Every structure is written in C-alpha cells, then in structure tokens.
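> Got a sequence here, can you model it:
(one chain, ligands or ions: 1)
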Amino acid sequence: MNYKVKAPVKAAEKFNEWRYGMFIHYGLYSIIGRGEWVMCKERIPIEEYSRLAEQFKPGKNCVKEWIALAKRSGMKYACLTARHHDGFCLFDTAVTNYNSVKTAAGRDLVLEYVDACREAGLGIGIYYSVGSWEEPGFIAGPADAELWAQFVAKDHAQLKELMSNYGRIDYLFYDGCPPPATWDAAGINAEIRRLQPDILISERCGTEEDVASSEGHCGAHPGKLWESCYTLNDTWGYNRFDRNWKTSEGVIRLLTSLTHNGGNLLLNVGPAPDGTVQPEASAVLEQVGEWLKINGEAVYGTEPHPFNYIDQEISTGKGNFIYITLHGDFGPERVICGIGNKVRSVKLLNSGKMIAFRQQHDKILLDGLEHKHPEELPRVIRLDIEEAPQGIPNPVWRPERFRVC
Ligand code: GLC
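Residues are numbered from 1 along each chain as shown. Sure thing, here's the model as predicted:
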C-alpha cells in the first residue's frame, strides 16, 4: 500500500508490521499516584512539585522489566515519556538540571530504555511534550517574545539531544504542542530528519508528517499511517485508585478493530513510583501475548482488505490470506459473505484444524465450528483465497456508509 509519508517507505512498512506497542507514562507524577496531570490539576507550585525529584528512585531493573513485559506480551515497539508536561526529563540534558540524571535517581532512563528496546528487538519510540509547566516562557506564551524564544530554543536543543545521543530512534511522538508556527515545528522536524533519516514523526506537532494519531478512539485515516493510543485503565500516569482495567478480550477487540481499519494500537502502562507495573495490568497484557502467539499472523503486518462484514466479525488480510476474528458464539454454522474470490481452505488458528465449508458465489458456509466458551478468547479463522482479495459490496449496506470501529 502507498502511504503519504515523509519518511522512507521502509520505515512506513516497519510501522505497519508492528501494529501493537507499549506506551509508558512514568515520571515525578507517578510518586503522587493521581495521574500525570496532577501538578496542573491540583495547582501544585513548581517549587513544591520539583522537590519530588529528590524522592524519585526507580527500581534497579524496572526499565528492562517494562521492555521484557512488552516483548512477552507480543508488542513490537514502545514509546516512553522522555519528558511529559511537567517538564521533568528522564534523560541527560545540558538544558536543565531538572532531570533524572542530576537528581536522586542519578540515571538516564532514556538510555536504559533504548538499550533495552534494542536488545529485545523492539521499535524505539520517544514521547516528548513540547509544552512544559516548569518553563516560564511556555507559561508566559508567545506574547512575551523574549521568554518564548528561550523556551523554544531549549525545546529544540533537547529534541536535538534526544535525536543525537541515543543512536537510532524509530518514532517521535509529540504531545502538548502549541500552534506549529510558534515553535518552528517545520524547522526542527527538518533538523530531526537530518539527524535521524529513517524516523517517523507523529502529526501531533501540527504539521503534516508521517503518523496520524488518535487518543482513546479508533482514528481510521485511510491512506495514512496511523495509530490510536489507549489507557489500560482510565489514566495514563500511575493512579493508585484506578482499578478499571480493560479485559484481555477487550484489548483483543481493540487491537483487531484498529488493525482491521489499518492502524496500530499503542497501549499504555503507568508504572508505580518504584517502576513496577501493577500485576493486574501485566496479567492482562500477558494474556493478550499468549493469544498473539497463536493468532499474531492476523495482526502483524496485515492490511485492511475489501471484504466487508457487518456482524461483528473483524478481518484483516495479508497476501492471499484473510483473517477473521470471531468474537461471539453464533453456533457451529457461520456464513461469511462478500468474498469475490475462490476460497481454497479455512483454518482455525487456535487448533490448526481445517474447517469444512461450502462456497456459493460470494458466500462461504462454515460447518462444524465448536461452540465458543464465554471465557474463551476470540478465535481466528484464516481463509486461503485465490489471487488478491476482491470484495463484493453488500447490496443493502454500502461500505462507504459504514466503518467498523
Ligand atoms: C494527552 C494528555 C497526556 C497523555 C497523552 C497521551 O495529550 O495531555 O497526559 O500523555 O494525551 O496520548
């Protein structure tokens, strides 16, 4: 597929191969445990908030453990908050002492993170908030030209540090961005591409770049690389009161829905102050990881395809294979329509069994699917078809009027 990107085509292909990644929100706010906006929402003065840096002591192996968890869970890339809106940096920077190297932690967490990702073979994403609540220029706004210029210069310097000091970075995830012209987003992005020729840049900076981004909903941007990021409970940064975890079934539904529409899922963890991921969160992620071991071929590197279903089945394609995730139990007989190809075989991925079927024009009638136990995670069938997939539109419901999200 052709994507509108500034990055090289191979970078775009890599992003689509990933499909599933881990977002990590970790910083001083984790100590308070009421989410990453706590400084702003509770109006904590910077003099008081910044003292948290003296208590910030991540567990020795926590960074490696995040990445090991991501890997076990079938995630193919990660994205760490190198600096969130509170301005505290998890990396070594000459711009400010307000960072994890020059305070109690005494560690460059971004360095640990890129090393761990590299070792595990995960794509490396860096989240950077352009806006910072500890920066006088950002608080004053562009009306104070001098302070604003200082703020912009510092941000540019930090972005260059991040893009120069850690080897290859695959993905830059911007957040907290003022209007692009006010901080010369185009200029710094050109410089970033010079430093990192293969990087993918998120369009959250406000200029047209590589990756469209949605938060908490399915974005669907046909013809573009895109990603939706979601929380695993209801909060990005650690919230010790938030127990509203998504289930593994819910995550699989989300992942397969996004993939069906051509996008990636960036799913968040908010580690506790010592850097541990809550057991409820890791349990869900690991269950999804087990599911992906069997059904991952329906997710990684797949593309939307022209078949269109309207009854909860969610499908992806790769070459001559079409994958359909069966979420519910509709009994042993299933009818799947809209297929303009001859179907050669139907295979149930979790058992490896071939399923008996008959084909009548654009329909296949499956026979002999076992009942799905309510506790069982969704099952995936793989259709092997002749030639490239040809969709036959539903005569009473046109795909352009309906999108599965
Ligand atoms: C929002 C929030 C932020 C979170 C981010 C994740 O922009 O401000 O706290 O990091 O979304 O996408």
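
> Phi and psi next, for E146.
phi -70, psi -50 (degrees, to the nearest 10).

> and it, how many neighbours?
E146 sits with 9 neighbouring residues when counted by other Cβ atoms under 10 Å. Yep, even glycine has a C-beta here, placed from its N, CA and C like the rest.

> now swap in N97 and tell me
Counted with other Cβ under 10 Å, N97 comes out at 11.

> And for A181?
Look at A181: counted by other Cβ under 10 Å, it has 11 neighbours.

> Check whether it sits in a helix, strand or coil.
What DSSP: H, G, I helix; E, B strand; the rest coil gives for A181 is helix.

> For the stretch 201-350 of the chain, which residues are neighbours of the ligand?
Residues of the stretch 201-350 of the chain lying close to the ligand by Cβ under 6 Å from any ligand atom are E215, C229, W236.

> ok, of these, which come out buried?
By neighbour count, with 16 or more other Cβ atoms under 10 Å, these hold C229, W236 as buried.

> Now render the residues of the stretch 201-350 of the chain next to the ligand as a markdown table, adding secondary structure and pLDDT.
Listed next are those as a markdown table, based on DSSP: H, G, I helix; E, B strand; the rest coil; pLDDT from 0 to 100:
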| residue | secondary structure | pLDDT |
| --- | --- | --- |
| E215 | strand | 93 |
| C229 | strand | 98 |
| W236 | coil | 98 |
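
> Let me know the closest of the residues of the stretch 201-350 of the chain next to the ligand to F23.
Of all those, C229 has the smallest distance to F23: 5.5 Å, by Cβ to Cβ.

> Which residue is the nearest non-sequential neighbour of the closest one?
Distances taken as Cβ to Cβ, 6 or more residues apart in numbering put L266 closest to C229, at 4.2 Å, once the chain neighbours are dropped.

> Next: I294.
I294's closest residue in space is N350 (Cβ to Cβ, 6+ apart), at 5.3 Å.

> got it, and T96?
Nearest non-adjacent residue to T96, counting by Cβ to Cβ, 6+ apart: C89, 6.8 Å away.

> what's across from that neighbour in the sheet?
Here C89 sits in beta bridges with R83, N99, as judged by DSSP bridges.

> Can you get me a residue count around it?
Around C89 there are 29 other residues, counting by other Cβ under 10 Å.

> That one against D155, yeah?
No. Between C89 and D155 there is no contact under Cβ atoms under 8 Å: 11.3 Å.

> Report the separation between R51 and the ligand.
Separation of R51 from the ligand (Cβ to the nearest ligand atom, to the nearest Å) stands at 21 Å.

> Tell me the confidence at the residue nearest to I294?
Listed pLDDT for N350 reads 93.

> Could you look up the SS state of it?
coil.

> which residues touch the residue of the stretch 1-150 of the chain found nearest the ligand?
Nearest residue of the stretch 1-150 of the chain to the ligand (Cβ to the nearest ligand atom) works out as E36 at 4.7 Å. Contacts for E36 (Cβ atoms under 8 Å, 6 or more residues apart in numbering) come out as H25, G27, Y29, T81, H84, H85, D86, T235, W236, G237, G270.

> Fine by me, we can end here.
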